[in-house]
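> Take this sequence and fold it.
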Amino acid sequence: MATSKSKKEAPRSVRPSGKTDETFFELVFDVACQIPRGRVTSYGAIAACLGAKKSARMVGWAMNAVDKVKPKVPAHRVVNRNGMLSGKHHFKPPSRMQQLLEKEGIKVKNDTVVDFKKRFWDPAKELDLL
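Purely as a prediction, here's the structure:
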């Protein structure tokens with residue numbers, strides 16, 4: 001993680017494994033926890049930020065596992081590359097993802113973030129993880 005005070009550092013939390021080295025999922029969770037309220041990012045952007053550009057699907061798998069993670073991970077802020085709520089089926093009920101986004105002021109129409117490019121947060125530009 002970043003050592004410079006000018007860079008934002010992803011939060012750390014104790015994982016059930018007790019390991020000090022982070023797994024890919026844990027790194028994904030750390031990045032997701034940095035997504036600002038009212039903004040969204042994509043699975044691919046998180047993967048690219050972590051130096052694993054072709055691992056967007058693994059980021060999706062990590063987002064599916066967030067219910068077992070503490071602190072809470074804002075998985076509702078992670079959408080596909082077109083701004084679609086492709087992970088909504090993993091929320092209970094599926095409309096919950098949209099509800100959480102709308103609560104943060106993000107408009108959603110036809111399961112897609114309105115003004116996606118304006119709301120997009122690029123972790124590679126905001127975080128120094130590599």
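> Spatially central residue for the protein, please.
Against the mean C-alpha coordinate of the chain, by Cα atoms, centre = their mean, the closest residue is residue 32 at 3.1 Å.
> pretty sure it is touching residue 72, no?
No: using Cβ atoms under 8 Å, residue 32 makes no contact with residue 72, being 10.0 Å away. Placement of C-beta: from N, CA and C, glycine included.
> overlap in contacts of the two?
Shared contacts of residue 32 and residue 72, defined by Cβ atoms under 8 Å, 6 or more residues apart in numbering, comprise residue 66.
> The lowest-mean-pLDDT helix or strand in the chain: which residues count as buried?
Of all helical and strand segments in the chain, the minimum by mean pLDDT, DSSP states H and E falls on helix 123-126, at a mean of 90. Using 16 or more other Cβ atoms under 10 Å as the test for burial, helix 123-126 gives 123, 124, 126.
> Next, find the distance separating residue 124 from residue 42.
With distances taken as Cβ to Cβ, to the nearest Å, residue 124 is found 11 Å from residue 42.
> Please apply the same query to residue 117.
Noted for residue 117: a distance of 11 Å to residue 42, by Cβ to Cβ.
> Could you check which of the two has the larger neighbour count?
Set side by side, residue 117 and residue 42 show more neighbours around residue 42, with 23 against 7, by other Cβ atoms under 10 Å.
> I'd like to know how far that one sits from residue 123.
The gap separating residue 42 from residue 123 is 10 Å, by Cβ to Cβ.
> cool, and residue 24?
Residue 24 is 15 Å from residue 123, where distance means Cβ to Cβ.
> can you check residue 58 too?
Between residue 58 and residue 123 the distance is 15 Å, computed by Cβ to Cβ.
> All the helices of the chain, residue numbers only.
Listed in chain order, the helices of the chain (DSSP state H) span 24-32, 43-49, 56-64, 96-103, 116-119, 123-126.
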